[in-house]
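[1] Provided below are the primary sequence and the corresponding predicted coordinates.
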Amino acid sequence: MKNHINIKPEIKQAILEKKAVIALESTIISHGMPYPQNVETARKTEEIIRQNNAIPATIGIINGQIIVGLNDDELEIMGKSSHAIKVSRRDIPVVISRKLHGATTVASTMIFAEAAGIKVFVTGGIGGVHRGATVSFDISADLIELSNTNVAVVCAGAKSILDLGLTLEYLETLGVPVIGYKTDEFPAFYTRKSGHKLVHFSESITEIANMLHIKWLLNLKGGAVIANPIPEKFEPEFGFIDSAIEIALQKSINEGITGKNVTPFLLNEIKNETKGKSLEANIELVFNNAKVGAELSKAMSEIK
């Protein structure tokens, strides 16, 4: 890994000094939103993290090199490039050996964050078990990575295009803690409620930081999901968003969309169906996760 990873000096120094550092993915830039909103959102997210006394480290692959801490020019490359490959664990050696651009998913961002020594990662929503997975076996590699890699993921739950019940069951089987922050219900990305109650939840960031500290102190391998719901004022009406999801899902079936193309296709269709309301919600929940992630990382850095 050392021969292929470039950890920017500010981030390397912050990690050495045990300061709060937050990993950020790049798939949300290259595949999650249109340009220029994708780059503007990435920069604003980094700004929010700095305002909350933490250091942002956006991760991606540029010309076959893993970058921990994309600069402004590199964010532009990631935002504009139509050739940035969506990179999960399986894709890493191919993209690096061919010296391509790669946008990191939850799974690959976790791998590179752990390699750099970063313990907290902020994203929009994790991948999960897709609807109809009992036939397709379409289950995100994010879930397996959460059982293998010691990084906490702050997110607004799993994307509501997924089967949330099966996603939670699968995480339980893998031994991944799912901890609700100020909620006892698993958030459904665009909406605060999903109908799925959580076993573990807390009102305190400090308490969650201590839970993570104990988990890794006991050498319990793997990460954790910190489920942080979208702020109520930015939450779309459930029926409105659910209808858009059903229309998008049917269209993906009709057009034969499969594999890693499913999620970006559905998100784009939902955006069109909601006339941009879903994209606005997506951006706001990322900002909220950035704030909570910075608070969590800072609380962890203060544990003796």
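    Now that the structure is in, tell me what you want to look at.
[2] In space, what's closest to Asn71 - neighbours in sequence excluded?
    Take Asn71 and drop its neighbours on the chain: the residue closest to it by CB to CB, 6 or more residues apart in numbering is Lys8, 7.4 Å away. Using the backbone N, CA and C atoms, a C-beta is placed for each residue, glycine as well.
[3] Contact partners for that neighbour?
    When contacts are counted by CB atoms under 8 Å, 6 or more residues apart in numbering, Lys8 touches 57, 67-69, 71.
[4] Pull out the buried positions in the helix or strand hosting Val262.
    When secondary structure is defined using DSSP states H and E, the element that contains Val262 is helix 262-273. By neighbour count, and taking 16 or more other CB atoms under 10 Å as the criterion, the buried residues in helix 262-273 are 262-271, 273.
[5] I'd like the average pLDDT over it.
    Confidence for helix 262-273, expressed as mean pLDDT, is 85.
[6] tell me what that helix is packed against?
    helix 238-254, helix 277-301 (3 or more CB pairs under 8 Å, 6 or more residues apart in numbering; DSSP states H and E).
[7] Figure out which of those helices is closest to Asn148.
    helix 277-301 (19.9 Å; CB to CB).
[8] related to what we said a few turns ago, state the phi and psi torsions of the residue nearest to Asn71.
    Dihedral angles phi and psi of Lys8 (degrees, to the nearest 10) take the values phi -60, psi 150.
[9] follow-up on the earlier one: now flag whichever of the contacts of Lys8 is closest to Asn210.
    Of all those, Asn210 sits closest to Ala57, with 23.5 Å by CB to CB.
[10] looking at it, the closest one is touching Gly117, isn't it?
    No - taking contact to mean CB atoms under 8 Å, the distance of 10.3 Å between Ala57 and Gly117 leaves them out of contact.
[11] more neighbours, these two?
    A count of neighbours by other CB atoms under 10 Å puts Ala57 above the other of Ala57 and Gly117, at 28 against 15.
[12] Where does the more buried one fall, secondary structure wise?
    Per DSSP H and E, Ala57 falls inside strand 55-62.
[13] centroid residue for the protein?
    What sits nearest the mean C-alpha location of the chain, by CA atoms, centre = their mean, is Thr123, with 2.9 Å.
[14] so that one makes contact with Ala152?
    No - at 11.2 Å, Thr123 and Ala152 do not qualify as touching, with contact defined as CB under 8 Å.
[15] Show me the helices in the protein, by range?
    Listed from the start of the chain, the chain has helices (DSSP state H) covering 9-16, 27-30, 37-51, 72-80, 92-97, 106-116, 133-136, 141-148, 164-174, 205-217, 238-254, 262-273, 277-301.
[16] okay, the ones you listed in TSV with distance to Asn228 next?
    What follows is these, written out as TSV (distance: least, CB to CB, whole Å):
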stretch	distance to Asn228
helix 9-16	23
helix 27-30	16
helix 37-51	13
helix 72-80	24
helix 92-97	28
helix 106-116	15
helix 133-136	25
helix 141-148	16
helix 164-174	15
helix 205-217	10
helix 238-254	18
helix 262-273	19
helix 277-301	5
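[17] Single out the most deeply packed of the ones you listed.
    When you average the neighbours per residue for each of the helices of the chain (mean count of other CB atoms under 10 Å), helix 27-30 leads with a mean of 28.
[18] tell me what it is packed against?
    Applying 3+ CB pairs under 8 Å, 6+ apart, we find helix 27-30 packed against helix 37-51, helix 72-80, strand 85-87, strand 102-104.
[19] which residues are contacting stretch 62-74?
    When contacts are taken as CB under 8 Å, 6+ apart, the neighbours of stretch 62-74 outside the stretch itself are 1, 4-8, 10-11, 23, 26, 43, 56-61, 77-78, 95-101, 112-113, 116, 118.
[20] at 7 Å what do you get?
    Residues outside stretch 62-74 that contact it (CB atoms under 7 Å, 6 or more residues apart in numbering): 4-8, 10-11, 26, 57-61, 77-78, 95-96, 98-101, 112, 116.
[21] quick one on the thing from earlier: okay if I get the buried residues of helix 262-273 as TSV plus distance to Lys193?
    Below are the buried residues of helix 262-273 laid out as TSV (distance: CB to CB, whole Å):
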residue	distance to Lys193
Val262	24
Thr263	22
Pro264	25
Phe265	25
Leu266	20
Leu267	20
Asn268	25
Glu269	23
Ile270	18
Lys271	22
Glu273	21
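[22] Tell me how far Ala299 lies from Met78.
    Distance, Ala299 to Met78, by CB to CB, to the nearest Å: 30 Å.
[23] now Ser202
    34 Å.
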